[in-house]
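>>> No letters, just coordinates:
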């Protein structure tokens, strides 16, 4: 008899794909186009679906050189995306998309060694372009994520490019291996390679809230929480989720606010209560510029050309 003890259990819902293992349970949403539940050892790690991120809150220098006005359509793209196509691959074989009524052919007892779901998402920009995000799950519950952005001629420069994870509660701290302090592509010279621990989710107290907290050249990142939205969890035991590079190092930011929340606040007291963890796993980040004054253009090497293709990968453990 075939040993199925360590295989993945697949649940084909009307509009979701469920993937279960010994101590994990993931749910992918066909309608929203991303991972909507990441439950590990009974702890939920997602408050909203994982979706591509394109926008950063306007910095002082962005205001000075009118970058945000020129690239404002990326704010709309960051808020709204359309699912254009979905592919599901089980044990290296593509299957017909198992939505209703196709999913009626399954028994609820299906298993597999690997399962992959690929979302093709369409932006609301003019012209439109697409982003493919692939999630491949193995028997150990590791999620291999590959994001492929397809450039399109005529699109304005990108503020950033990555994948957003919104977690249910505020992180207690995060650890990472990379460069010390806050770093951006054109502000890396002072960063010292090493392993660092950061308490809470610090936000730089600018008079006018703006993007902050980016860390470049990261090899791995671990987010540690000790609270959930489940009233049955009363012990405040710490639990963590780890992100590791696959090929190139990545950038990230871990803040208690979404980009649009920072964008909407004209003073720091207008920010909402700190309730969530907003993690951006970043393939590309625009530099901050401001070489001779806050308004100087960002140098060419530190801009993100939206007409080019970009590929980005990492693993969640």
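That came through, no problem. These figures come from a predicted structure and were not determined experimentally. Numbering: from 1, shown residues only.
>>> Need the pLDDT of residue 108.
Looking at residue 108, its pLDDT stands at 83.
>>> neighbours of it, just the number please.
Residues within reach of residue 108, counting by other CB atoms under 10 Å, total 10. Backbone N, C-alpha and C define where each C-beta goes, glycine included.
>>> That one reaches residue 11, doesn't it?
Yes - Residue 108 sits in contact with residue 11 when judged by CB atoms under 8 Å, with a separation of 6.5 Å.
>>> quick one: low-confidence ranges for the protein?
Low-confidence segments of the chain (pLDDT under 70): 1-5.
>>> all helices for it, in order.
With DSSP state H as the criterion, the chain has helices at 60-65, 67-70, 73-79, 259-264.
>>> List the buried residues of stretch 169-181.
By neighbour count with 16 or more other CB atoms under 10 Å, stretch 169-181 contains the buried residues 169, 170, 171, 172, 173, 174, 176, 177, 178, 179.
>>> I should have written stretch 32-40 there, sorry.
Result for stretch 32-40 [16+ other CB under 10 Å]: buried residues 32, 33, 34, 35, 36, 37, 38, 40.
>>> can you pull the contacts of the fourth one?
If you count contacts by CB atoms under 8 Å, 6 or more residues apart in numbering, residue 35 has them with 26, 27, 28, 29, 46, 49, 50, 135, 143.
>>> The fifth one and residue 32 touch, don't they?
No - between residue 46 and residue 32 there is no contact under CB under 8 Å: 11.2 Å.
>>> follow-up on the earlier one: may I see the helices of the chain arranged in JSON lines, with distance to residue 116 as well?
What follows is these, written out as JSON lines (distance: least, CB to CB, whole Å):
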{"stretch": "helix 60-65", "distance to residue 116": "37"}
{"stretch": "helix 67-70", "distance to residue 116": "36"}
{"stretch": "helix 73-79", "distance to residue 116": "25"}
{"stretch": "helix 259-264", "distance to residue 116": "29"}
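>>> Kindly reformat these as CSV containing mean neighbour count and distance to residue 313.
Output for these, formatted as CSV (neighbours: other CB atoms under 10 Å; distance: least, CB to CB, whole Å):
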stretch, mean neighbour count, distance to residue 313
helix 60-65, 18, 28
helix 67-70, 16, 28
helix 73-79, 20, 21
helix 259-264, 18, 23
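>>> which stretch among those comes nearest residue 251?
Among the helices of the chain, helix 259-264 comes nearest to residue 251, with 14.7 Å by CB to CB.
>>> Might you specify the subset of the contacts of residue 35 located within strands?
Among the contacts of residue 35, the members falling in strands (DSSP state E) are 26, 27, 28, 29, 135, 143.
>>> between the residues you listed, which is closest to residue 102?
Nearest to residue 102 out of the ones in strands among the contacts of residue 35 is residue 28 (CB to CB; 15.8 Å).
>>> For the closest residue to residue 311 other than its chain neighbours, give the beta-bridge partners.
Closest residue to residue 311 apart from its sequence neighbours, by CB to CB, 6 or more residues apart in numbering: residue 148 at 5.0 Å. Taking DSSP bridges, one obtains residue 132, residue 311 as the residues bridged to residue 148.
>>> Please tell me I have it right and residue 148 contacts residue 129.
No - the criterion here is CB under 8 Å, and residue 148 misses it with residue 129 at 11.1 Å.
>>> Quickly note the distance from the residue nearest to residue 57 when sequence neighbours are not counted to residue 276.
Sequence neighbours aside, residue 262 is the residue nearest to residue 57 in space, at 3.5 Å (criterion: CB to CB, 6+ apart). Residue 262 sits 13 Å away from residue 276 when distances are taken as CB to CB, to the nearest Å.
>>> still on that earlier bit, please enumerate the shared neighbours of residue 46 and residue 32.
With CB under 8 Å, 6+ apart as the test, residue 46 and residue 32 reach no residue in common.
>>> Would you enumerate the residues in contact with residue 38?
Residue 38 neighbours (CB under 8 Å, 6+ apart): 24, 26, 44, 45, 46, 143, 241, 316.
>>> 6 Å instead?
For residue 38, the contact set (CB atoms under 6 Å, 6 or more residues apart in numbering) comprises 26, 45, 46.
>>> Filter those residues down to the buried ones.
26, 45, 46.
>>> so the first one sits right up against residue 18, yeah?
No - in this structure, residue 26 is not within contact of residue 18 by CB atoms under 6 Å, at 7.2 Å.
>>> ok, which stretches of the stretch 201-317 of the chain are strands?
Applying DSSP state E, counting those that start in this stretch to the stretch 201-317 of the chain gives strands spanning 215-218, 220-225, 239-245, 250-255, 277-285, 310-316.
>>> looking at those strands, which is closest to residue 197?
strand 220-225 (9.1 Å).
>>> Please spell out which residues along that closest one are buried.
Judged by neighbour count using 16+ other CB under 10 Å, the buried positions of strand 220-225 are 220, 221, 222, 223, 225.
>>> try stretch 233-247
Buried residues in stretch 233-247 (16+ other CB under 10 Å): 239, 240, 241, 243, 244, 245.
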